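[1] Got a predicted structure plus its sequence, pasted below:
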Amino acid sequence: MTLTADLNENNLDLLRLIFAGIVVLFHTSALTGLPALAVLGEYCNPHFAVRGFFVISGLLIYRSYERSSSVRSYLEKRARRIYPAYFTIVAVAAVVLPFLSPDFPFRTYGVAFWKYLGANLVFLNFLAPNLPGVFSANPERAVNGALWTLKIEVVFYLCVPVIFALCRRFGARTTIGAIFGLSCLWKYIFWRLSVLDPARSIWYKLDVQIPSQMAYFCAGILLLIYMAKVRDHALFVSVIAAGAFVLDHLWRTEALDVVFIAGFVLVCGFGRYLGNFAKYGDFSYGVYIVHWPILQCMILFKLTSLNPYMFLSLDLVFVFVASFLMWHLVEKRFLQVSSHYRRAPVEARNAVGVPV
């Protein structure tokens, strides 16, 4: 098995959409609590999906920085890609959802409202996850519990120029290896503490924060740096990844998940090329950030009383439509003209002789 020789020919856009879909299916089960959908919670692993996102981010974002003309250009591209849709989902929630509160308009626009708006607009969702009175009858009150990973992504983006400079000063192997090792150490320490002292939730909260997630981001950077060396050994990588997966599940730990997740991204992302998925747009980000409030609204309006499979079908339709609109009305409009997402449809039409 040989990986594609052209890094531009990859399945990463499709892979990210699959990861986003896994998160949607898991949250559909977790938020509704419907017994018929419990299988989704059992077999759709959100940790695998989110960490897969981080691996892909490490590869693509580090490459983006290498190809940027300056730090300013790099940061502008990152801001254009992530913030317009993020601002939209936070702002729309703040404007529309208070109308669903039983307290509207009383006690709706007080300190708690502005705290929600201010904290969420700067990625500090954990400081104010709820809007006053909104979803108060739902099992889970958070307006958008999926946004917690975005602050981690932003920190990763800000770290890339520093990591790049350290790599040039001390070498990529030393720099990335040291960061990766420290991240794994952090992860192991707080995972172990959470096992020994499960009554204190602080250990688990620290286990899933930025320092431990950095290992997955670094794994993506390592894939990029050593792509030329692993390209011809995809079969060997697959065996190592499969072995890590089996051992990790036999030991019931997450000690080796970074190995099999990175291996999965490498083989599936750069194995058999499935075509230019970017020509359709990049809906994965939209799917990820819109699905939670859609689910919450469906629960609020008691659509869970429908047939569970009808509920799931409606959920997926609503999420697809919302993410489609988010891409075409918001995300795409803020991308630079040079973005491959804006070039891809034109290149696809030219490839089949359609005049532009």
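    Sure, I can see it.

[2] Name all residues that make contact with residue 39.
    Under the criterion of Cβ atoms under 8 Å, 6 or more residues apart in numbering, the neighbours of residue 39 are residue 29. Backbone N, C-alpha and C define where each C-beta goes, glycine included.

[3] Tell me the spacing between it and residue 306.
    When Cβ to Cβ, to the nearest Å is applied, the distance between residue 39 and residue 306 equals 18 Å.

[4] ok, now residue 298?
    Spatial separation of residue 298 from residue 306 under the definition Cβ to Cβ is 9 Å.

[5] Common neighbours of these two, please.
    Taking Cβ under 8 Å, 6+ apart as the contact definition, residue 298 and residue 306 share the neighbouring residues residue 314.

[6] Of these two, which one has the most company?
    Ranked by neighbour count (other Cβ atoms under 10 Å), residue 298 and residue 306 place residue 298 first, with 19 against 14.

[7] The more buried one touches residue 311, doesn't it?
    Yes - with contacts defined as Cβ atoms under 8 Å, residue 298 counts as touching residue 311 at a distance of 7.1 Å.

[8] overlap in contacts of the two?
    Residues touching both residue 298 and residue 311 by Cβ under 8 Å, 6+ apart: residue 304.

[9] Skipping its backbone neighbours, what lies nearest residue 333 in space?
    Once its chain neighbours are removed from consideration, residue 333 has its nearest residue in residue 84; the separation is 7.6 Å (Cβ to Cβ, 6 or more residues apart in numbering).

[10] Report the contact partners of the one you found.
    The neighbours of residue 84, taking Cβ under 8 Å, 6+ apart as the test, are 330, 331, 333, 334.

[11] among those residues, who's most crowded?
    When those are compared by neighbour count (other Cβ under 10 Å), residue 331 ends up highest, at 24 neighbours.

[12] show me where the stretch 1-150 of the chain has helices.
    Chain-ordered helices for the stretch 1-150 of the chain, with DSSP state H, counting those that start in this stretch as the definition, fall at 12-32, 38-43, 46-66, 71-96, 111-121, 148-170.

[13] which stretches of the stretch 1-150 of the chain have low pLDDT?
    Filtered on pLDDT under 70, the stretch 1-150 of the chain yields the residue ranges 1-6, 106.

[14] Now for residue 165, how many residues are close by?
    Applying other Cβ under 10 Å, I find that residue 165 has 12 neighbouring residues.

[15] got the contact list for it?
    With contacts defined as Cβ under 8 Å, 6+ apart, residue 165 has no neighbours.

[16] how close does it sit to residue 321?
    Residue 165 sits 43 Å away from residue 321, going by Cβ to Cβ.

[17] And residue 256, by the same measure?
    For residue 256, the distance to residue 321 (Cβ to Cβ) stands at 39 Å.

[18] same question, residue 251
    As for residue 251, its distance to residue 321 is 42 Å (criterion: Cβ to Cβ).

[19] and what of residue 77?
    Going from residue 77 to residue 321 by Cβ to Cβ gives 27 Å.

[20] what does residue 19 give?
    Relative to residue 321, residue 19 is positioned 20 Å away (criterion: Cβ to Cβ).

[21] Now for the nearest residue to residue 241 once chain neighbours are set aside: which residues touch it?
    Of all residues beyond its chain neighbours, the one nearest residue 241 is residue 263 (2.6 Å), with distances taken as Cβ to Cβ, 6+ apart. In this structure, residue 263 makes contact with 237, 238, 240, 241, 242, 244, judged by Cβ under 8 Å, 6+ apart.

[22] and if we set it to 10 Å?
    The neighbourhood of residue 263, defined by Cβ atoms under 10 Å, 6 or more residues apart in numbering, consists of 55, 219, 223, 230, 234, 236-245.

[23] Next, the nearest residue to residue 32 once chain neighbours are set aside: secondary structure please.
    Take residue 32 and drop its neighbours on the chain: the residue closest to it by Cβ to Cβ, 6+ apart is residue 304, 5.3 Å away. Recorded secondary structure, residue 304: helix (DSSP: H, G, I helix; E, B strand; the rest coil).

[24] Residue 304: how many residues sit nearby?
    Going by other Cβ under 10 Å, the residues that sit close to residue 304 add up to 16.

[25] Quick check: it vs residue 31, distance?
    Between residue 304 and residue 31 the distance is 9 Å, computed by Cβ to Cβ.

[26] Overlap of the contact sets of those two?
    Shared contacts of residue 304 and residue 31, counting by Cβ under 10 Å, 6+ apart, come down to 37, 295, 298.

[27] Output those residues in TSV; the columns should cover distance to residue 134.
    Putting the shared contacts of residue 304 and residue 31 into TSV (distance: Cβ to Cβ, whole Å) gives the following:
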residue	distance to residue 134
37	24
295	14
298	14
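
[28] Among those residues, which one lies nearest to residue 207?
    Looking at the shared contacts of residue 304 and residue 31 and their distance to residue 207, the nearest is residue 295, at 25.6 Å (Cβ to Cβ).

[29] ok, and that closest one, which helix or strand is that part of?
    Following DSSP states H and E, one finds residue 295 within helix 284-300.

[30] which strands and helices sit next to that helix?
    If you count contacts as 3 or more Cβ pairs under 10 Å, 6 or more residues apart in numbering; DSSP states H and E, helix 284-300 packs onto helix 12-32, helix 46-66, helix 71-96, helix 148-170, helix 308-326.

[31] For residue 194, find the nearest of those helices.
    Checking those against residue 194 by Cβ to Cβ gives helix 46-66 as the closest, at 13.7 Å.
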